[in-house]
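*Asks:* below are the sequence and a predicted model; questions follow.
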Amino acid sequence: MGVLRFLWSGVLAFDRVGRRIPQLIQIWLCELFFVMPLAFFIGKVIDIRGAFGVPGTGGRIPGVFWGALVVAGVAGFFFVRGLLRPRVVEGSWAPTFRLPIGDVDVMVANNQARVSYDYLTSHPSYALLLLLTAPIPATMVLATRHQGDSTFYFRAAGIAGLVIIALMAVARLLAWYVFRFGRSQLTTVSPRVAWEIAWKPVLMLVVVCYAIPGIPIAVMFFNEHRTIERLPVVTAAAPSGSYFRVVGTIAGDPVYWAPRGTGRGGNNYAGAGIPVDLDGGAQVVLLAESMAVADFRGMLESVRDGRIRTQGKVIEAISEDQRTYYGFDLADFGDPPAAGRVLVLLEQP
C-alpha cells in the first residue's frame, strides 16, 4: 500500500490532479473552442482563395463558418483575459519519505513540511493542455497528406489549427516570463515546489490522456507489423485471395487512373499501379483502389534505391467494376515477362 501511495501521489501526482480536474477541464475546453472553430474558419478562407498551388473554390464563406468565428471569438476573449488578468490559484504539496516497519517500507507524507503555492491561471504549465487538442488538427493534416487537392480544406484547417496552438503556447510563455502579467501577486517559491504543484499534475494528466488510447493503438500496430512480417513473399504461383509480402525492384513509373476525372488540382485519382520485378524473375503489378491510393503514394515515398517492401492480396484478374470505378488497365504496363506476372492489391491483412 505504501508503494501504491507513493506512485499515486509522489510519482503520478494524482492527488493533485484530482483536485484540479474541474479547473483543468475548464481551461482545456476554453482553448479547444478557440482553436478548432478558428481553424475551421481560417481553413475555409484559405480553401476559397486557394494556396500552395491549389486553386481556390471561389464563392462566399458559408454562414456556419461565420458562426464558428463567433464561437472562437468568445472563447478567445476568455483565453486572452486569463493571460492579461490572471486569477490566483492556491495549491499545496507535502514531501513523502520511506518509513521502515518490520519487513515492509511504508511511504508517508510529511504534513509537517507541507507547503502552499499560489500560482496564476496564466502559468506556463497550462500550455501542456494544448497537447490534448493538438491531435485533432494533426490528424487532419496527416490523414490528407497523400490525398489529392479535393481534401485541401481539411489539410488547410489542420495546418491552421497547429499554427494557432503553437502561437497560444508562445503567448503563455511570453505572458509569464517576459511580460510577467500578475506575477507581482505571487511570492517566490522553490523550483521543486513549482514542479510538484503546478507542472507535475498537468503533465501527468496529459500523459494519462495520451496513454489511454496510445497503448492499445501501439499494440495493434505492433501486432499488425508482426503479422505482415510473417507473410510469405509473393511468387508467380501465389494463389489468389491470399495475402503476401511484396519484395522487389520497381520496374517502371507509377500509373494513376481517374475514370471520372482528376477533379480539383488535377491530382485526385481513383486507382494506381506500378510494376515490380521480383527477385525470382517474375513480375508483380501492385494495384491500389480508391482510398488506398494515398497509401500507395506514401509507400513510394519510402522506396530507397528502387527497392520496395510492402504487402497485399493476390487477385486472379481485374474485374469489370475495377475497370469502371478505378480505371485499372494492364495495357499500361506492357507485356508480362516470360517468368509470369501476378496481380496484387495493396491492402492490410
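*Replies:* That came through, no problem.

*Asks:* ok, longest helix in the protein?
*Replies:* Ranked by number of residues, the top helix in the chain under DSSP state H is helix 14-49.

*Asks:* how about it, which residues are buried there?
*Replies:* By neighbour count with 16 or more other CB atoms under 10 Å, helix 14-49 contains the buried residues 14-17, 20, 24, 27-28, 30-48. Every residue, glycine included, has its C-beta placed from N, CA and C.

*Asks:* please name the strands paired to the helix or strand just after it in the sheet, noting orientation.
*Replies:* Elements were assigned by DSSP states H and E; along the chain past helix 14-49, the next helix or strand is strand 50-51. Sheet partners assigned to strand 50-51 using DSSP bridges are listed as strand 54-55 (antiparallel).

*Asks:* quick one: average pLDDT of the strand it pairs with?
*Replies:* Strand 54-55 shows an average pLDDT of 94 in the prediction.

*Asks:* same check on stretch 123-142?
*Replies:* pLDDT averaged over stretch 123-142 gives 94.

*Asks:* now it, how far from the centre of its chain.
*Replies:* 10 Å (CA atoms, centre = their mean, to the nearest Å).

*Asks:* pull the residues that contact it.
*Replies:* 24, 27-28, 31-32, 35-36, 39, 86, 154-155, 157-162, 165, 168-169, 172-173, 176-177, 198-199, 202-203, 206, 209-210 (CB atoms under 8 Å, 6 or more residues apart in numbering).

*Asks:* burial check on residue 50, number of neighbours?
*Replies:* The burial count assigned to residue 50 is 17, neighbours taken as other CB atoms under 10 Å.

*Asks:* ok, it - contacts?
*Replies:* For residue 50, the contacting residues are 56, 57, by CB under 8 Å, 6+ apart.

*Asks:* for it, give the beta-bridge partners.
*Replies:* The partner residues for residue 50, given DSSP bridges, come to residue 55.

*Asks:* next one: it relative to residue 162, how far apart?
*Replies:* Going from residue 50 to residue 162 by CB to CB, to the nearest Å gives 20 Å.

*Asks:* ditto for residue 254
*Replies:* 30 Å.

*Asks:* just residue 147 next, same as before
*Replies:* The gap separating residue 147 from residue 162 is 17 Å, by CB to CB.

*Asks:* mean confidence score for stretch 165-174?
*Replies:* Averaging pLDDT along stretch 165-174 yields 96.

*Asks:* residues making contact with it?
*Replies:* By CB under 8 Å, 6+ apart, the list of residues contacting stretch 165-174 from outside reads 31, 34-35, 79, 83, 122-124, 126-127, 130, 133-134, 137.

*Asks:* are any of those buried, and which?
*Replies:* When neighbours are counted using 16+ other CB under 10 Å, the contacts of stretch 165-174 contain these buried positions: 31, 34-35, 79, 83, 122-124, 126-127, 130, 133-134, 137.
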